[in-house]
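> from the sequence below, what's the structure:
(one chain, ligands or ions: 1)
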Amino acid sequence: RRTLEQYKTIDDAAMLLKKSQNIIVITGAGISTSLGIPDFRSKNTGFYSRLRELGYQEPEEVFDIHLFDQDPTIFYRLAGNILPDLEKWSPTHEFIRLLQDKGKLLTNYTQNIDNVEAHAGIRKEKLIQCHGSWATATCRKCKYKIPGEELFPAIKAQTPAECEKCIIALAEQNPGLKRKRVSNGKKKRRNAGEFDSDSDEAYDIPQPGIMKPDITFFGEALPKEFFHRLENEDRKKVDLVIVMGTSMKVAPVSEIPNFFPKDVPHIYINRDPVNHINFDITLLGDCDTIVAELARRAGWELKHRMLPEE
Ligand code: OAD
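Numbers count the residues shown, from 1 in each chain. This next block holds a predicted model:
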């Protein structure tokens with residue numbers, strides 16, 4: 001996208017905040033790092049960087065749907081590191097809430113799956129969770145859904161959770177099926193890499209599906225409402241775009257800035273700069289500090305216990 005030459009400074013950004021009525025906020029993991037939740041790609045601290053240190057060459061594969069179906073143990077072994085267990089929110093979430101309270105928030109497109117927006121009071125109709133969330137989980141085989149929290153014990157135990165409904169259905173369909181001894185006497189694999197440990201016998205029955213949280217994995221479609229809202233509603237209304245705490249490396253969210261009319265100003269607030277997208281105003285640094293300063297210059301009060309007292 002071409003930049004709009006008339007906007008450059010933090011005061012321009014504050015002025016745009018004051019005059020805009022339909023602001024789209026695009027967020028990523030960087031707005032939750034001050035809460036202790038790691039982002040993905042920051043050097044040393046990001047979740048993927050840590051996985052690389054553990055020897056995973058392609059850490060994004062943790063969220064690859066084809067690999068999950070082949071071997072869910074990788075996800076279950078590692079996902080405990082990013083389980084949401086917080087009821088707090090950051091000053092940046094508070095800032096988005098302030099935009100909502102002032103009637104200026106059109107939509108917050110979040111890539112985050114931590115659901116912290118809900119704790120900050122951002123209303124459901126103002127929020128698109130582009131990459132899904134932990135709120136629910138679905139069986140890969142029969143599509144049975146459960147509340148996401150029911151999966152947390154399995155994730156903490158690092159053991160793939162089998163679908164209860166499949167287990168019951170299989171037992172009903174196959175009442176006579178018993179464990180069979182495998183003819184050559186060798187143990188037969190049940191799941192990839194997993195042997196029946198207590199005997200030489202093996203399961204020779206159809207397997208239940210594995211539960212997967214409704215996080216959008218690589219290879220899966222984004223929620224329908226993402227495209228619908230963007231194309232049919234927000235594109236026509238938006239008058240300011242603020243992108244915060246995201247490296248904008250993952251499509252289609254990274255494509256959103258190219259999708260809006262050319263005269264809509266775009267502001268980028270992030271610790272590290274990006275080169276692949278043109279923003280009108282780039283404010284580099286800690287997002288909690290920057291939004292507090294922006295609010296101050298706009299003449300608004302941003303109250304949050306993580307911000308220093310004035
Ligand atoms: P990234 O880790 O790629 O980017 C986070 C950005 O936030 C980095 O550019 C950091 O510099 C910046 N950052 C971190 N802390 C900050 C702070 N306190 N203030 C300002 N900036 C800060 O995370 P995302 O862009 O969100 O997918 O990643 C997008 C998607 O990739 C995620 O949704 C995830 C991952 O695969 C799924 O979870 C399915």
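> contacting residues for Arg271?
Neighbouring residues of Arg271 by C-beta atoms under 8 Å, 6 or more residues apart in numbering: Gly30, Ser42, Gly245, Leu284, Gly285, Asp286, Cys287. Using the backbone N, CA and C atoms, a C-beta is placed for each residue, glycine as well.
> overlap between those and the residues near the ligand?
For the ligand, the contacts drawn from the contacts of Arg271 by C-beta under 6 Å from any ligand atom are Gly30, Ser42, Gly245, Asp286, Cys287.
> which non-adjacent residue is nearest the last one?
Distances taken as C-beta to C-beta, 6 or more residues apart in numbering place Thr92 nearest to Cys287, at 4.7 Å, with adjacent residues excluded.
> cool, and the second one?
If the residues on either side of it in the chain are set aside, Ser42 comes closest to Ser49, at 6.7 Å by C-beta to C-beta, 6+ apart.
> any idea how far Lys126 is from the one you found?
32 Å (C-beta to C-beta, to the nearest Å).
> and the strands in the stretch 51-200 of the chain?
If DSSP state E, counting those that start in this stretch is used as the criterion, the strands of the stretch 51-200 of the chain fall at 105-110, 127-129, 132-139, 145-147, 180-181, 189-191, 194-195.
> point out the residues in the stretch 51-200 of the chain that sit beside the ligand.
Glu60, Phe63, Gln111, Ile113, His131.
> give me that answer again for 5 Å
Residues of the stretch 51-200 of the chain lying near the ligand by C-beta under 5 Å from any ligand atom: Phe63, Gln111, His131.
> count of neighbours near the second one?
A count of nearby residues for Gln111, using other C-beta atoms under 10 Å, gives 23.
> hmm, back to that, give me the three-state assignment for the residue nearest to Ser42.
helix (DSSP: H, G, I helix; E, B strand; the rest coil).
> confirm for me that it is in contact with Arg41.
Yes - contact status for Ser49 versus Arg41: in contact at 7.1 Å, counting by C-beta atoms under 8 Å.
> correct me if wrong: Leu35 contacts Leu86.
Yes - Leu35 is within contact range of Leu86, at 5.8 Å (criterion: C-beta under 8 Å).
> mind listing the shared neighbours of these two?
By C-beta under 8 Å, 6+ apart, the residues touching both Leu35 and Leu86 are Val116.
> just for the stretch 101-250 of the chain, where's the confidence low?
Under the criterion pLDDT under 70, the flagged ranges of the stretch 101-250 of the chain are 176-205.
> try 80 this time
174-205 (pLDDT under 80).
> helices along this structure, start to end?
10-19, 47-53, 65-70, 73-78, 91-101, 116-119, 152-156, 164-173, 224-229, 235-237, 256-259, 287-298 (DSSP state H).
> elements contacting the fourth one?
When you say that, I think you mean helix 73-78. Packing partners of helix 73-78 (3 or more C-beta pairs under 8 Å, 6 or more residues apart in numbering; DSSP states H and E): helix 65-70.
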